[in-house]
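A.B. asks: quick one: sequence and predicted model below, then my questions.
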Amino acid sequence: MAQLAHLALAQPAFVHPAFDTAAFLANAGLGRRIVELEPKQAFFSQGDPADSVFYLQKGRARVTVVSIVGKEATITLLSPGDFVGEESLATVPGLRLTTALAVTACTSLRIGRDEMTRVIHAEPKFSNLFLKFLLARSMRTQADLVDQLFNSSEKRLARVLLLMAEFGKPGEPETLIPKISQEALAEMIGTTRSRVSFFMNRFRELGFINYKDRIRVHRSLLNVVLHDHLPDDNADKPAITI
């Protein structure tokens, strides 16, 4: 009996396996499921119950808001690795304040509000990842606001193209961006399709982009955003009054 007791005491205690953040975000499970969306299909719409968070695995999407008079504005663009719908984590569940739309075919993980809250509280690695994302989103939103307030529509278009090509993210940029119409680009930057067509032709003439079926973005387009390297006849900047 003494030997059995000694053996029982010698058995190692059960250790829970380390939380695998990548596996959690890659697979369906309790409180989460994989969602496939076609271009222009909504993850959720403005006014829907805010009951889940989405993690974009593949594809591109955008977040929009519509005013009471029906005017639509693009809040931000989404690429793989982004979360959307984090307003559902508010203490009191409410309604969606925005609409998230697929720009290309998307694969996303839908995480229910309760499961997202649980894993944030229980898993420090995941909560650190999510906090870093929220801080990056906040900085991006501030940059987007400055872009809308002070930059010309031509410069806003250059910035959108660079964001879609993922310039500035780790690794090589995806210079061939997802297929997108000029109408969609016009909605994103708040101008007309004809103005987008004019700017795109000028970017191509200056060697910043080329395109047939899809747009290829060259690093030289950064000059438009960083240094305003454009011909002097760009009179599309908003007037600044004092």
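C.D. replies: On my side now, so go ahead.

A.B. asks: only C-alpha atoms for contact and neighbour calcs from this point on.
C.D. replies: OK.

A.B. asks: which residue is the nearest non-sequential neighbour of the residue nearest the centre of the chain?
C.D. replies: What sits nearest the mean C-alpha location of the chain, by CA atoms, centre = their mean, is Leu78, with 1.9 Å. Computed as CA to CA, 6 or more residues apart in numbering, the closest residue to Leu78 that is not its neighbour in sequence is Ala61, at 4.9 Å.

A.B. asks: what's opposite that neighbour in the beta bridge?
C.D. replies: Taking DSSP bridges, one obtains Leu78, Ala102 as the residues bridged to Ala61.

A.B. asks: so what's it scoring on pLDDT?
C.D. replies: Looking at Ala61, its pLDDT is 93.

A.B. asks: contacting residues around it?
C.D. replies: By CA atoms under 8 Å, 6 or more residues apart in numbering, the residues touching Ala61 are Leu77, Leu78, Ser79, Ala100, Leu101, Ala102, Val103, Thr104, Cys106.

A.B. asks: that one and Lys40, how far apart?
C.D. replies: In this view, Ala61 and Lys40 are 9 Å apart by CA to CA, to the nearest Å.

A.B. asks: which ones are touching Leu163?
C.D. replies: Leu163 neighbours (CA under 8 Å, 6+ apart): Leu77.

A.B. asks: and it, which of the three is it?
C.D. replies: helix (DSSP: H, G, I helix; E, B strand; the rest coil).

A.B. asks: tell me how far it lies from Ser79.
C.D. replies: Leu163 is 9 Å from Ser79, by CA to CA.

A.B. asks: state the distance from Lys212 to Arg195.
C.D. replies: Distance from Lys212 to Arg195, by CA to CA: 18 Å.

A.B. asks: what about the two, which has more around it?
C.D. replies: Using other CA atoms under 10 Å, the more surrounded residue of Lys212 and Arg195 is Arg195, with 15 against 6.

A.B. asks: tell me how far Ser197 lies from Leu97.
C.D. replies: Counting by CA to CA, the gap from Ser197 to Leu97 is 31 Å.

A.B. asks: swap in Gly59?
C.D. replies: Taking CA to CA, one finds Gly59 at 22 Å from Leu97.

A.B. asks: looking at these two, which one has more neighbours?
C.D. replies: Gly59 (20 against 16).

A.B. asks: any regions of the protein where pLDDT drops low?
C.D. replies: 1-16, 168-174, 227-242 (pLDDT under 70).

A.B. asks: thanks again, I'm all set now.
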